[in-house]
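Undergrad: output the structure for:
(one chain, ligands or ions: 2)
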Amino acid sequence: MLANIFRDESDDGSWSVSQSVSPVGPAGTLRLVLGDQLSATLAGLRDIDPDMDIVLMAEVREEATYVRHHKQKIALVFAAMRAFAVSLEARGVTVRYVRIDDPDNTHTIAGELRRALAATSPRRVVITECGEWRLAQALSVFAAEATAPVEIREDDRFICSHARFRDWASGKRTLRMEFFYREMRRQTGLLMNGAEPEGGRWNYDAENRRKLAKGVRPPARLRIPPTAETLEAIADVARLFPEHFGELETFGWPTTSVEAGRVLDDFITNVLPGFGDWQDAMAEGEPWMWHSLISTSINLGLLDPLDVCRRAEAAYHAGKAPLNATEGFVRQILGWREYMRGIYWLKAPEYGLRNALEADRALPWFYWSGETDMVCVADVVEMTRTHAYAHHIQRLMVTGNLAMLLGVHPDAVDDWYMTVFADAYEWVEMPNTRGMATFADGGIVGSKPYAASGAYIQRMSNYCGPCRYDVRAHSGETACPFNRLYWGFLERHRGRLRDNVRLAMPYRTLDAFGPEKRDALLAEAEAARLALGADPLSAGETRSSPAASGYSDSSP
Ligand SMILES: Cc1cc2nc3c(=O)[nH]c(=O)nc-3n(C[C@H](O)[C@H](O)[C@H](O)COP(=O)(O)OP(=O)(O)OC[C@H]3O[C@@H](n4cnc5c(N)ncnc54)[C@H](O)[C@@H]3O)c2cc1C
Ligand code: SF4
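TA: Ligands and ions are numbered 1, 2, ... in the order given. You can find the predicted model right below:
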């Protein structure tokens with residue numbers, strides 16, 4: 001049975017989704033809207049004829065479980081899809097909405113397209129290109145075999161098109177984000193003063209590295225209490241995906257563009273002024289700091305990235321946000337987000353096989369359980385389990401840095417990042433993990449590995465004070481594991497990294513140690529790797545997931 005959207009007149013008049021048979025469409029167009037394509041201006045909806053066309057939306061198990069996404073992510077996508085379907089119906093559009101518990105659900109997107117094709121006999125099918133290579137392949141196969149013509153349109157909700165990114169990348173030996181970002185500033189005019197960057201500099205990163213001083217607290221944040229419809233999606237996930245990672249009780253993500261707009265307004269007004277200063281700071285028990293909490297909304301299509309940047313720019317011009325904060329924020333979206341998407345599509349699918357450092361270890365169990373004496377790691381995992389969120393520096397310099405120092409296989413790292421965050425989509429997750437965090441791409445994204453000892457975490461957080469490990473010590477069981485691992489990591493990869501000019505200084509220090517001490521550092525790092533459970537993988541074993549680890553919330 002299929003689901004139709006209707007206005008429930010009997011109770012409080014709110015919109016809801018019910019189970020009923022959808023009308024068979026006239027010979028119009030069948031238009032697929034995926035779970036992260038929830039934009040009224042989507043390319044595939046632009047020329048819709050509400051009298052003739054049918055929109056297909058489907059909640060399928062394959063998308064919810066190809067990695068075992070955090071419960072909040074699945075609830076968010078289902079709730080936002082249902083709300084979007086309701087908004088389409090309000091515009092007079094017929095929606096063929098297939099719910100996750102529909103007994104006829106084939107549980108793949110291609111399967112639902114085939115079923116809709118047979119049931120509605122459309123003149124043609126319109127698809128907006130999807131974000132992930134895996135699904136793009138399945139949709140290409142569908143298009144080749146479909147009984148009606150299929151048009152796949154470019155997803156133009158990004159500021160940089162595929163063609164433009166390819167042009168920029170063409171002929172370049174290195175593809176550094178900073179130069180791409182400058183091009184995007186010129187192209188959009190964002191924070192530009194004629195041909196010059198606003199304030200005379202392209203980048204104010206050097207001013208954005210403050211640690212949280214004692215007595216300074218991050219601002220209170222607007223979280224969105226779930227509506228009755230969102231609570232229904234939450235209940236569905238609790239019932240159907242009980243073994244997935246994470247908690248549902250703390251759900252507070254926007255599920256509509258109106259709610260997402262409220263979160264953005266709150267950020268621009270109350271939080272953006274401090275975004276730059278504390279962009280890299282971490283504090284125990286403080287999940288949000290001065291971050292915007294909009295990645296889930298932009299990635300679903302509830303917010304438009306260029307519009308978000310223009311809102312921040314307007315706050316700067318109105319004197320309500322300083323330049324270091326505004327530029328830092330715009331760079332994340334106009335620069336990093338667009339660049340990561342460009343790299344993913346430029347290099348897929350080969351990018352997903354890259355393992356430049358030949359990392360071959362299992363992901364330690366504490367990435368799921370949070371059970372570790374490392375206060376920094378325990379805090380990040382706990383926040384991630386509770387909120388499906390950790391901010392950028394926690395993802396990069398705590399969990400990412402540790403995975404790289406331990407030599408965890410990039411498949412297992414990808415699997416973890418895709419599983420645990422509410423904003424995880426492969427096109428943005430993978431270049432961040434294989435590129436930025438673990439250097440598995442061999443230097444496409446980063447000019448050097450973001451490897452750091454405990455000193456970095458101590459400088460940017462309050463984690464180390466209460467930690468059982470000693471952040472000043474470099475060897476022995478009570479020494480900070482990041483320190484025990486750091487020099488061994490550099491020594492282990494001497495052949496690959498010694499000639500990297502950006503690592504010249506640490507390698508000079510390492511060289512001065514002499515061969516005996518260097519062997520001792522290698523042994524120290526190996527002891528730390530084994531102590532933390534980063535055991536060598538057996539042949540052919542690469543991935544690590546809650547399922548593979550036998551994870552459940554009741555696991556010890
Ligand atoms: C290892 C690793 C994995 C990551 N996985 C994801 C992921 O699956 N999905 C995802 O959306 N982001 C990912 N990021 C990027 C970044 O951490 C998140 O976008 C950010 O933490 C989301 O929180 P926020 O909205 O509060 O962001 P803010 O810190 O407020 O930043 C504003 C916006 O900028 C964009 N942004 C910032 N940094 C990046 C970046 N490095 N790459 C792409 N966009 C960026 C996001 O859209 C974000 O909403 C990852 C980063 C790392 C290091
Ligand atoms: S001492 Fe090391 S392990 Fe402990 S919180 Fe600091 S960086 Fe993390």
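Undergrad: what parts of the stretch 401-550 of the chain come near ligand 1?
TA: Taking Cβ under 6 Å from any ligand atom as the criterion, the stretch 401-550 of the chain approaches ligand 1 at residues 417, 421, 423-425, 428-429, 432-433, 436-437. C-beta: built from backbone N, CA, C; applies to glycine.
Undergrad: please redo it, this time with the cut-off set to 8 Å
TA: Taking Cβ under 8 Å from any ligand atom as the test, the list of the stretch 401-550 of the chain residues beside ligand 1 reads 413, 417-418, 421, 423-426, 428-429, 431-433, 436-438.
Undergrad: just among these, which is most surrounded?
TA: Ranked by the number of neighbours (other Cβ atoms under 10 Å), those place Thr438 first, at 30 neighbours.
Undergrad: what is the nearest of the residues of the stretch 401-550 of the chain next to ligand 1 to Asp47?
TA: Sorting these by distance to Asp47 puts Tyr425 at the head of the list, at 26.2 Å, by Cβ to Cβ.
Undergrad: next up, the contacts around the closest one.
TA: Each residue near Tyr425 by Cβ atoms under 8 Å, 6 or more residues apart in numbering is listed here: 36, 131-132, 299.
Undergrad: which one (most neighbours) among those?
TA: Neighbours were tallied for each of those (criterion: other Cβ under 10 Å), and the maximum of 23 neighbours falls on Asp36.
Undergrad: from Thr256, how far off is the residue nearest to it when sequence neighbours are not counted?
TA: Counting by Cβ to Cβ, 6 or more residues apart in numbering, the nearest residue to Asp36 once its immediate chain neighbours are dropped is Leu300, at 5.3 Å. For Leu300, the distance to Thr256 equals 10 Å [Cβ to Cβ, to the nearest Å].
Undergrad: quick check: neighbours shared by those two?
TA: Counting by Cβ under 8 Å, 6+ apart, the common neighbours of Leu300 and Thr256 are Ala80.
Undergrad: okay, now the unreliable bits of the stretch 451-556 of the chain?
TA: Per-residue confidence for the stretch 451-556 of the chain (pLDDT under 70) gives these ranges: 542-556.
Undergrad: how far away is Gly171 from ligand 1?
TA: The gap separating Gly171 from ligand 1 is 25 Å, by Cβ to the nearest ligand atom, to the nearest Å.
Undergrad: before we move on, the earlier item: ok, so of the contacts of Tyr425, who is nearest Ala206?
TA: When those are compared for distance to Ala206 (Cβ to Cβ), Asn299 comes out closest, at 29.2 Å.
Undergrad: that closest one is in what secondary structure piece?
TA: In this structure, Asn299 sits in helix 295-300 according to DSSP states H and E.
Undergrad: hmm, that helix in reach of ligand 1?
TA: Yes: using Cβ under 8 Å from any ligand atom, a contact is recorded between helix 295-300 and ligand 1, made by 295-296, 298-299.
Undergrad: thinking again about what came up before, among the residues of the stretch 401-550 of the chain next to ligand 1, name the ones in helices.
TA: For those, membership in helices holds for 413, 417-418, 426, 428-429, with DSSP state H as the criterion.
Undergrad: circling back: send me the helix holding Asn299 as CSV with only the CA atoms.
TA: Included here for helix 295-300 are C-alpha records, laid out as CSV according to Å, rounded to 0.1, in the frame of the first residue of the first chain:
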residue,chain,number,x,y,z
SER,A,295,24.9,21.2,8.2
THR,A,296,22.0,18.9,8.6
SER,A,297,19.7,21.5,7.1
ILE,A,298,21.9,22.6,4.2
ASN,A,299,22.6,18.9,3.3
LEU,A,300,18.9,18.1,3.2
